[in-house]
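Undergrad: Here is my input; please provide its structure:
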Amino acid sequence: AADKIRLIPQDFFAELCEQIIQHLNHKIPGINTAELCQRIQTSGVDINIGDLAKVANTLSFLFSTAARNNLSTEELVASLGSGVSTLPKHALQVIRHVWNEQGKAIAGSEDARTTATVGQFVDMKWKLGVAMSSDTCRSLKYPYVTVTLTVADPSGQITDKSFEMTIPQFKNFSRQFKEMASVLETV
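TA: Residues are numbered from 1 along each chain as shown. Prediction:
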């Protein structure tokens with residue numbers, strides 16, 4: 001990941017680090033690497049979303065491990081500077097600054113020590129559509145529901161998952177949500 005970090009301008013790298021810290025502190029549901037990647041590319045840097053996601057995962061692991069081990073800023077920076085593939089100077093400066101300013105909140109958080117292994121729901125969008133015809137059938141008039149779930153995986157990467165359902169499938173889906181709601185009311 002060190003070679004990919006070299007590509008990222010310092011201001012974008014700082015923004016990524018701060019978003020990761022906020023995610024680990026449960027202040028934001030995740031890191032929108034697609035949006036950040038697009039902004040980095042617009043600035044003239046040739047990086048793809050897969051590489052940026054690897055950097056984000058590496059930094060998330062770094063910060064959560066440092067929190068679990070209650071590392072001081074100097075201990076964290078010293079361990080990063082002594083690695084086989086050392087980080088660029090600007091990255092070490094950003095990590096030092098972000099950890100010094102905001103790392104203590106994670107280190108004090110019990111949640112950071114027990115990193116979640118499931119994703120987090122961010123948003124849900126749906127739309128009703130009707131298929132009017134196809135190349136094999138002239139008159140379908142077939143209603144369907146398209147659902148897009150926005151989720152943040154455990155490392156904080158935000159992704160959209162879309163799927164379509166027939167009306168009976170949607171009614172079953174809706175019934176299950178109503179069952180969950182009624183169970184939650186008893187808690």
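
Undergrad: contacting residues for the most centrally placed residue in the chain?
TA: What sits nearest the mean C-alpha location of the chain, by CA atoms, centre = their mean, is Gln157, with 1.9 Å. Listed by CB atoms under 8 Å, 6 or more residues apart in numbering, the contact partners of Gln157 are Gly30, Ile31, Thr33, Ala53, Ala56, Asn57. Where C-beta positions appear, they are placed from N, C-alpha and C, glycine not excepted.

Undergrad: can you list those residues in CSV and add secondary structure, pLDDT and distance to Ile95?
TA: Output for the contacts of Gln157, formatted as CSV (DSSP: H, G, I helix; E, B strand; the rest coil; pLDDT from 0 to 100; distance: CB to CB, whole Å):
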residue, secondary structure, pLDDT, distance to Ile95
Gly30, coil, 83, 20
Ile31, strand, 86, 16
Thr33, helix, 88, 18
Ala53, helix, 89, 18
Ala56, helix, 90, 13
Asn57, helix, 87, 15
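
Undergrad: Can you tell me which helices and strands the helix or strand where Gln19 lies packs against?
TA: Gln19 is located in helix 10-24, with elements delineated by DSSP states H and E. On a contact count with 3 or more CB pairs under 8 Å, 6 or more residues apart in numbering; DSSP states H and E, helix 10-24 meets helix 33-42, helix 49-68, helix 89-98, helix 104-107.

Undergrad: Mean pLDDT lowest where, among the ones you listed?
TA: Sorting the helices and strands packed on helix 10-24 by mean pLDDT places helix 104-107 lowest, at a mean of 70.

Undergrad: Render the CA-only coordinates of that one in CSV, please.
TA: The C-alpha coordinates for helix 104-107 follow below in CSV (Å, rounded to 0.1, in the frame of the first residue of the first chain):
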residue,chain,number,x,y,z
LYS,A,104,-7.0,9.2,21.8
ALA,A,105,-10.8,9.0,21.2
ILE,A,106,-10.4,5.7,19.5
ALA,A,107,-7.9,4.4,22.0
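
Undergrad: so Ile158 makes contact with Thr150?
TA: Yes. With contact defined as CB atoms under 8 Å, Ile158 counts as touching Thr150 (6.4 Å).

Undergrad: which residues are contacting stretch 163-180?
TA: Stretch 163-180 is contacted by residues Pro143, Tyr144, Val145, Thr146, Val147 when judged by CB under 8 Å, 6+ apart.

Undergrad: How much space separates the fourth one from Asp160?
TA: Put plainly, it is Thr146. Between Thr146 and Asp160 the computed distance is 12 Å (CB to CB, to the nearest Å).

Undergrad: if I pick Asn100, what's in contact with it?
TA: Thr73.

Undergrad: returning to what we had before: which one of the contacts of stretch 163-180 has the most neighbours?
TA: The residue in the contacts of stretch 163-180 with the most neighbours, by other CB atoms under 10 Å, is Val145 (18 neighbours).

Undergrad: Lys27: what secondary structure?
TA: Under DSSP: H, G, I helix; E, B strand; the rest coil, the three-state class of Lys27 is coil.
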